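>>> fold the following, please.
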Amino acid sequence: MSVQDDTGALHSVGATGGPPRDRLLADPRAWGLMLAAMLTIMSNATITPALPGLQAMFGDNPNAELLTRLLITAPSLLVAIVAPFAGVVVDRLGRRPPLFTGLIVYAIAGTAGLYLASLEAILASRLALGLGVAAIMTAQAALIGDYFDGPARGRLMGYQIAATNLGGLVFVMTAGVLAAHDPRLPFAIYALSLVMIPFLWRVLPEPVALSAGDRAAVADPGEPGWPMTVAIMAAAPGLTFVIFYAVPTQLPYHLAEIGLADPRQTGEVMGTMMMAAAVMAVASGYLRPILGRIGMPVIGYLSLTTGFILLAMAQGLGMAMAGTALTGAGLGLVIPTFITTALNAAPAHRRGLVSGLVTSAFFLGQFLSPLAMQPLIVHWGYATAFGIGAAGFALLALLLILALRNRAAPVDNPAGAH
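Predicted coordinates:
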């Protein structure tokens, strides 16, 4: 089978007697975009293994327990607030200036924990890190829409989600090794953005279409009613992450409650989820032309629902791993769909704003998740809270069908190619 990429060239996605080949992976722009995305997934999780050590290091601070936990959520809050404005900047100034400014801010703010003398100062640096992440994510997502169209855009989103899951696993494991020596050392990982800048500078040029100004708006007006489609695609991931983020924030405590207190068991359960998400994210790019913009997320939500039901029922390691495997698989299907659908619907001159809105929704959901889930856990326990989360995913599937059934468009909108 052959399909047409953004340059108009045909390439094989399957061959008789051999494995599928995708020439998209030979495009250095695709690798540059995936590397940039991997940096953003690092922003929160990288220092997680260092939190107990940091709390002990600053034990004389009466607020150490609270402040160390805020180090994780602080970047998410800033990204949620700033990303829409970063999207406007990306549309007005072009993609590269915000991208590379964000990479520099990311390195400076991210590594500040190596030397800052107080938890309050480190918290401030984490807020600044959110500014860099917002700029990187918004510009990076807009570039996906600029460089690629049609099925290629959807496949790249799948590859990107897979890369971020695998990269996140490697970064967290590396941080764990570093934190065992010194809880400040994981902050050094953020300097990786400086190492990437020369490569990204070379392979991520400013899209030519952006210099066309108003001509781009006329040539690509977007799908009819695109603002509503974008609004749906921003609301859906925000609500999804309010529920899903119970896994990284609450599942370790649930596992301990059912007798799986060994951190290695938690690592196995979480690693299963990341691997499943990576595999299904790659598959999503090939399934999307078959299932469409409604079928993909609905199947993903059904997988998320089943995964949370198993987590609610889990009494041992096997069922817990099965639950996170289905949860990760569902996430790998829904997330690429949200971003791809939003970019396909929007006109080229609004892709920065659109990517900013979707980015904001992702991080706002992460930030709000503990606030939404903790009261459920306090009143009814972990198992019931995960059961309620499963019902929430099923409800989201139904709402998405109702919201999009009269807005269904061609699976991939080629009009947005530039």
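>>> show me the shaky parts of this structure.
Along the chain, the parts satisfying pLDDT under 70 run over 1-21, 42, 209-220, 263, 406-418.
>>> strands of that one, start to end?
Ranges of strands in the chain, per DSSP state E, are 2-4, 10-12.
>>> buried residues in stretch 167-174?
167-169, 171-172, 174 (16 or more other C-beta atoms under 10 Å). Every residue, glycine included, has its C-beta placed from N, CA and C.
>>> ok, now stretch 180-192?
Buried residues in stretch 180-192 (16+ other C-beta under 10 Å): 183-190, 192.
>>> can you show me the CA trace of it as PDB?
Output of stretch 180-192 as PDB, limited to C-alpha atoms (Å, rounded to 0.1, in the frame of the first residue of the first chain):
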ATOM      1  CA  ALA A 180      20.500   8.000  44.600                       C
ATOM      2  CA  HIS A 181      23.800   9.900  44.600                       C
ATOM      3  CA  ASP A 182      22.500  13.400  45.200                       C
ATOM      4  CA  PRO A 183      18.900  14.700  45.000                       C
ATOM      5  CA  ARG A 184      20.000  17.800  43.100                       C
ATOM      6  CA  LEU A 185      21.600  15.800  40.200                       C
ATOM      7  CA  PRO A 186      18.400  15.100  38.300                       C
ATOM      8  CA  PHE A 187      18.100  18.800  37.500                       C
ATOM      9  CA  ALA A 188      21.100  18.400  35.300                       C
ATOM     10  CA  ILE A 189      19.100  16.400  32.800                       C
ATOM     11  CA  TYR A 190      17.300  19.600  31.700                       C
ATOM     12  CA  ALA A 191      20.600  20.800  30.100                       C
ATOM     13  CA  LEU A 192      19.800  18.300  27.300                       C
END
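>>> now tell me what touches that stretch from outside.
Contacts with stretch 180-192, where a contact means C-beta atoms under 8 Å, 6 or more residues apart in numbering, come from 39, 42, 46-47, 49-50, 52-54, 56-57, 106-107, 109-115, 129, 171, 174-175, 178-179.
>>> if you set the cut-off to 7 Å instead, what comes out?
Outside stretch 180-192, the residues that touch it by C-beta atoms under 7 Å, 6 or more residues apart in numbering are 39, 42, 46-47, 49-50, 53-54, 57, 106-107, 110-111, 113-114, 171, 174-175, 178-179.
>>> would you map the helices across the protein?
28-45, 51-57, 64-93, 96-110, 119-147, 150-181, 192-203, 214-219, 226-244, 246-257, 263-313, 317-345, 351-380, 382-404 (DSSP state H).
>>> the ones you listed: which one's closest to residue 22?
The stretch from the helices of the chain with the least distance to residue 22 (C-beta to C-beta) is helix 150-181; that distance is 6.6 Å.
>>> report the inter-axis angle for the closest one versus helix 263-313.
Put simply, helix 150-181 runs at 130 degrees to helix 263-313, going by axes from the mean of the first three to the mean of the last three C-alpha atoms, to 10 degrees.
>>> and residue 309, how many neighbours?
The local packing of residue 309 (other C-beta atoms under 10 Å) involves 19 other residues.
>>> that one against residue 389, yeah?
No. In this structure, residue 309 is not within contact of residue 389 by C-beta atoms under 7 Å, at 9.3 Å.
>>> of the buried residues of stretch 180-192, closest to residue 95?
residue 192 (20.8 Å).
>>> can I get the buried residues of stretch 167-174 in CSV including distance to residue 356?
Shown next, in CSV, are those (distance: C-beta to C-beta, whole Å):
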residue, distance to residue 356
167, 22
168, 22
169, 27
171, 24
172, 27
174, 30
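>>> quick check on residue 258: phi, psi?
phi -100, psi 10 (degrees, to the nearest 10).
>>> and residue 175, how far is that from residue 151?
Going from residue 175 to residue 151 by C-beta to C-beta, to the nearest Å gives 36 Å.
>>> equivalent analysis for residue 340, please.
From residue 340 to residue 151 the distance is 10 Å (C-beta to C-beta).
>>> comparing those two, which shows the higher neighbour count?
residue 340 (29 against 22).
>>> before I go, just wanted to say thanks for your time.
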